[in-house]
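K.L.:
Provided below are the primary sequence and the corresponding predicted coordinates.
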2 protein chains.
Amino acid sequence: MNQMCVATYRCYDDKADFDKKALSIAVGLTVGSWTDLPEAKKAEMEKHLGKVVSVSVHEPAGAAPGERYADLKIAYPDLNYSRDLPALLVTVFGKLSMDGKIKLMDLQFSDEFLSAFPGPKFGVQGIRDLLGVHDRPLLMSIFKSVVGHDLVNLQEQFYQQALGGVDLIKDDEILFENPLTPIDKRVEVCMEAARRAQEQTGQKLLYAVNVTGPTSGLAAQAKKAIAAGANAILFNVLSYGFDALHELSKDPEISVPIAAHPAMAGAIYPSPHYGIAAPLLLGKLMRVAGADLSLFPSPYGSVVMPKEENLAVKAALLDPSLPVRTSFPVPSAGIHPGIVPLILKDFGQEVVVNAGGGIHGHPMGTAAGGQAFREAMRAVAAGETLQDAAARHEALRIATELWGIKQ
Amino acid sequence: MNQMCVATYRCYDDKADFDKKALSIAVGLTVGSWTDLPEAKKAEMEKHLGKVVSVSVHEPAGAAPGERYADLKIAYPDLNYSRDLPALLVTVFGKLSMDGKIKLMDLQFSDEFLSAFPGPKFGVQGIRDLLGVHDRPLLMSIFKSVVGHDLVNLQEQFYQQALGGVDLIKDDEILFENPLTPIDKRVEVCMEAARRAQEQTGQKLLYAVNVTGPTSGLAAQAKKAIAAGANAILFNVLSYGFDALHELSKDPEISVPIAAHPAMAGAIYPSPHYGIAAPLLLGKLMRVAGADLSLFPSPYGSVVMPKEENLAVKAALLDPSLPVRTSFPVPSAGIHPGIVPLILKDFGQEVVVNAGGGIHGHPMGTAAGGQAFREAMRAVAAGETLQDAAARHEALRIATELWGIKQ
């Protein structure tokens, strides 16, 4: 049986015959030409021919110039590409990406294509199992500043974060291999701080260390970090391509969760006319390529993504119809304890609350910053208002006085 | 001495204080915070601090909403990132890419950073030396259709193209590793056709075979092709990242020119508000990462790029101030023999004229299609009009009757 992957495009054009355009894509990006082929050749090539699945034109009465668009769905036979994401993406959006105002909105993978993708090694459930936390959202924090700091400083930053009761700590994505804090030394001192903090908090945590450098050395870099004790990695996926994530993820020796950072994603998803839609770029593709956690801009901060798009990213990461493990959504930026009720309303339980300034900026210090978040999460779970909880919890009270409460 | 790379951004905002924004980028993407640091710490961190080079606000009187923008130049200390393009790109445009309407327009590399990049192994001069052609633009052709075709068919397509006197033949970028035409077999039959054609034309040619598949297998795939006789490779750079190109290019065993295909580039360069400008994406970055030839959409066809942007891509590929070899500009799409005078006017001699339909669509066949191009190129070099040349050359006459002449 000839399986196909289906691409959905949004294509803006004031005048185009969208049916004709869809047909020209289906033919042009597969067999090249069709109507002028001899019948015998057609019979032979039929199995390679793309198919127009649907064309849905949006042309409101009185549409202003620039507002007319169509959603085109085109199916591409699996026979035409190898079982890797670069091949599929180049097939469906290689040349086509440069053909006017057209944005890749979604991809539906065939079972056959998907069978090459084990997906996240841990996913939501696996990360919960590692941490032993099953009854609440998770809390992640990021370093306050890393560039130019030494091991002693990073270790102390780590320790204070860990004391606050966070479940995950991630490197800054701009911390590369460097002489002050090389990856193996950084992992050693931070994991030592994690052990010290655990004696006080009784709580496990994951440290996602940033794996960087030459493409061919990424796996070795990850393994070096793991040998030094790393129990998670952070990866700037889009500067290396989805296949690099896929290869790290399916490597049996890389036996820790991978957090996908969205660095560079803003070059690709925000335009209405060009690029790849966020739910596909930061949702479905990250998950299929093996991200256990996917970070993306929250709708709450200065680096914003519209809430509808944000929830669509989340939905793609958790969609039960995809036969790979789910990935933890990590909406990031602009998060403080007073936003916790809103995040949990928007995202539910399966979310990682990720904070930087909202933890380090706490007037009582970093550890108190984490504790304020944990208390806010506890309050929401118990059906309490933050106001009530804050009245009994000093760190939360001070945080909400500083940053306010949104719910 | 502390060297820095400088990023230029175009940032649209109707109200922003652009000086403040520039400062927040320079600090935020390097040391994280500055004004609240103790003086002793400042002295220590100074060498890691980003610097605002310039802020140039464009705010024409009576500007409509959405028209106000500024060009910001920010310098980033080399100390902060490793000597690879993912690290530099994530530093200057990782998180920032998601921060409103901001587009990365240019990067100036420090000497120190550039020293890690040997650039193209052949470049314009090296490719001319390989072909023994120094006095005219080059001619490239692409297969008519490849998906679903067998070795016999590809070989015959190749032979007809070669007979037309083209200098380079490139695979279609959507031809991946497949059972009908695996890379080594494809190279063998096509290079055999090249030898047969050379007996008739007396002319060398390069066959750029498409290197695809898993990231960790790219170098092996390229070497397999070279072992089978390939004398050039084609690479879909943007689906793997610039570092993958860099690694292929600097590998001493990959001893053939690399043609960079712009597949997926339309997801990144066309928006005025987001992404990476084409002259940087398809010009400077491709060259620094080691592309001997860089393909990009011509201003002549249906897949268009404005001519000003097109010439800026060309300028970046040929810019003599960059201390690496120059890369051949390959403007592609919508090219027929009647456009040759215009291409050569726009691009000069250092260009590869790249045609698909303009060769295969010739009424006298593919070989005549190539010959019409070569005759058009000869005429322009001799200062003849195409009309005069066509009067004496049947293939050119028929091509110009079919497609017309632009000059």
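P.N.:
Noted; the coordinates are in hand.

K.L.:
residue nearest the centroid of chain A?
P.N.:
Centroid check for chain A by Cα atoms, centre = their mean gives A:S294 as the closest residue, at 2.6 Å.

K.L.:
and the closest residue to that one other than its chain neighbours, what helix or strand is that in?
P.N.:
Leaving aside its chain neighbours, A:S294 sits nearest to A:M286 (4.3 Å; criterion: Cβ to Cβ, 6 or more residues apart in numbering or on different chains). C-betas here are computed from N, CA, C, even on glycine. Using DSSP states H and E, A:M286 maps to helix A:285-289.

K.L.:
what does the stretch 151-300 of chain A put close to chain B?
P.N.:
By Cβ under 8 Å from any Cβ of the partner chain, the residues of the stretch 151-300 of chain A that approach chain B are A:173-174, A:176-178, A:212-216, A:219, A:236, A:239-241, A:243-244, A:247, A:261-268, A:270-271, A:273-276, A:297.

K.L.:
among those, which are in strands?
P.N.:
Mapping those onto strands (DSSP state E) picks out A:236, A:261, A:275-276, A:297.

K.L.:
doesn't A:L163 make contact with A:A368?
P.N.:
No - under the criterion of Cβ atoms under 8 Å, A:A368 is not in contact with A:L163, lying 9.0 Å apart.

K.L.:
per-residue pLDDT, the residue nearest to A:S294?
P.N.:
Looking at A:M286, its pLDDT is 98.

K.L.:
likewise for the one 4 residues further on?
P.N.:
A:G290 is assigned a predicted lDDT (pLDDT) of 98.

K.L.:
where does the stretch 101-250 of chain A have low pLDDT?
P.N.:
Within the stretch 101-250 of chain A, no stretch has pLDDT under 70.

K.L.:
closest residue of it to chain B?
P.N.:
In the stretch 101-250 of chain A, the residue that lies nearest chain B is A:S145 (3.0 Å; Cβ to the nearest Cβ).

K.L.:
so that residue makes contact with B:G28?
P.N.:
No - with contact defined as Cβ under 8 Å, A:S145 does not reach B:G28; the gap is 9.6 Å.

K.L.:
pull up the distance across stretch A:224-238, start to finish.
P.N.:
With Cα to Cα, to the nearest Å applied, stretch A:224-238 spans 22 Å between its terminal residues.

K.L.:
buried residues, that stretch. List them.
P.N.:
For stretch A:224-238, the neighbour count (16 or more other Cβ atoms under 10 Å in any protein chain shown) marks A:224-226, A:228-238 as buried.

K.L.:
so which of those residues are in helices?
P.N.:
Judged by DSSP state H, the subset of the buried residues of stretch A:224-238 located in helices is A:224-226.

K.L.:
closest one of those to A:K47?
P.N.:
A:I226 (43.9 Å; Cβ to Cβ).

K.L.:
from what I can see that closest one touches A:P252, true?
P.N.:
No - using Cβ under 8 Å, A:I226 is not in contact with A:P252, being 11.7 Å away.

K.L.:
break down the stretch 1-150 of chain A into its strands, ranges please.
P.N.:
Assigned by DSSP state E, counting those that start in this stretch, the strands in the stretch 1-150 of chain A fall at A:4-12, A:51-58, A:69-77, A:102-108, A:138-142.

K.L.:
let me know the angle separating the second one from strand A:102-108.
P.N.:
Orientation note: strand A:51-58 sits at an angle of 130 degrees relative to strand A:102-108 (axes from the mean of the first three to the mean of the last three Cα atoms, to 10 degrees).

K.L.:
counting by contacts, list what strand A:51-58 packs against.
P.N.:
Counting contacts by 3 or more Cβ pairs under 8 Å, 6 or more residues apart in numbering or on different chains; DSSP states H and E, strand A:51-58 is packed against helix A:18-28, strand A:69-77.

K.L.:
that one versus strand A:69-77: what angle between them?
P.N.:
Per the same axes, to 10 degrees, the angle that strand A:51-58 makes with strand A:69-77 is 170 degrees.

K.L.:
any idea how far strand A:51-58 is from the chain center?
P.N.:
Centroid displacement of strand A:51-58 relative to its chain, using Cα atoms, centre = their mean, to the nearest Å, is 29 Å.

K.L.:
contacts for that strand next, please.
P.N.:
Strand A:51-58 is contacted from outside by A:4, A:6, A:18-19, A:22-23, A:25-26, A:68-75, using Cβ atoms under 8 Å, 6 or more residues apart in numbering or on different chains.
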